[in-house]
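Undergrad: got a structure for you, letters missing:
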Ligand SMILES: N[C@@H](CCC(=O)N[C@@H](CS)C(=O)NCC(=O)O)C(=O)O
Ligand SMILES: [Zn+2]
Ligand SMILES: [Zn+2]
């Protein structure tokens, strides 16, 4: 079906095809000279489109494509000296290339339900067949980057058409996971 609304170059030309058994690959930044290379062992989890202002997007994209992997599956292979944390006060410590701006990995280090996970952008893999995005998060946040609020119904309709159920936070499963973690921590939930 023709894309009537532009979301992200990969989503616009048809959902990237996943393949079971993706064993990982190397994330490569966009620098022609001395690109940063980060090895990821295994497939990504919770891949999704994110509309927030903080996640890295390629030029012209409205949404980011972002997923998580356990921190111990990440290894910087080359040119890690080019990396700097975008915002040290943020939950996600996004390590961006100072040359091209691509975010290479973002660990959650502080106490949080996502502690121990790193956020990465699978489109930077040097290989295809990573698990495709399954939902859309922080959709209303695209307004903060300049999307006309009047375009939101068409954008949500297009996401839904692609099977990326739109949410203005995370999807139900992850929000339930976060709330369960919080309820256990406070003692409200005993099991
Ligand atoms: N409306 C805000 C939402 C930012 C936000 O909460 N982003 C989510 C999804 S990536 C998050 O978990 N952020 C944690 C962080 O940025 O460290 C924006 O667009 O800047
Ligand atoms: Zn770079
Ligand atoms: Zn985001």
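TA: Perfect, I can see it now. Only a predicted model underlies this, so the values are computations on that prediction, with no experimental measurement involved. Ligands and ions are numbered 1, 2, ... in the order given.

Undergrad: now residue 76: how far from ligand 2?
TA: 13 Å (Cβ to the ion, to the nearest Å). In short, each C-beta sits where N, CA and C put it, glycine included.

Undergrad: just to confirm, which helix or strand has that residue in it?
TA: For residue 76, the element it lies in under DSSP states H and E is strand 74-78.

Undergrad: What is the burial count for the closest residue to residue 102 other than its chain neighbours?
TA: Residue nearest to residue 102 in three dimensions, not counting chain neighbours: residue 29, with 4.3 Å by Cβ to Cβ, 6 or more residues apart in numbering. Residue 29: 22 surrounding residues under other Cβ atoms under 10 Å.

Undergrad: How about residue 148?
TA: Using other Cβ under 10 Å, residue 148 has 9 neighbouring residues.

Undergrad: same deal with residue 160?
TA: 12.

Undergrad: What ranges in the protein fall below the confidence cut-off?
TA: Counting by pLDDT under 70, the ranges of the chain that qualify are 1-3.

Undergrad: Where do the helices of it begin and end?
TA: 9-12, 152-161, 172-186 (DSSP state H).

Undergrad: got the residues of this protein near ligand 2?
TA: Within the chain, the positions adjacent to ligand 2 are 29, 31, 97, 99-100 by Cβ under 5 Å from the ion.

Undergrad: Show me what from the chain comes close to ligand 1.
TA: Residues of the chain lying near ligand 1 by Cβ under 6 Å from any ligand atom: 50, 52-55, 90-92, 138, 141, 144.

Undergrad: who are the neighbours in contact with the residue most central in space within the chain?
TA: Residue closest to the average C-alpha location in the chain (Cα atoms, centre = their mean): residue 66, at 1.3 Å. Residues near residue 66 by Cβ atoms under 8 Å, 6 or more residues apart in numbering: 47-50, 55, 119-121.
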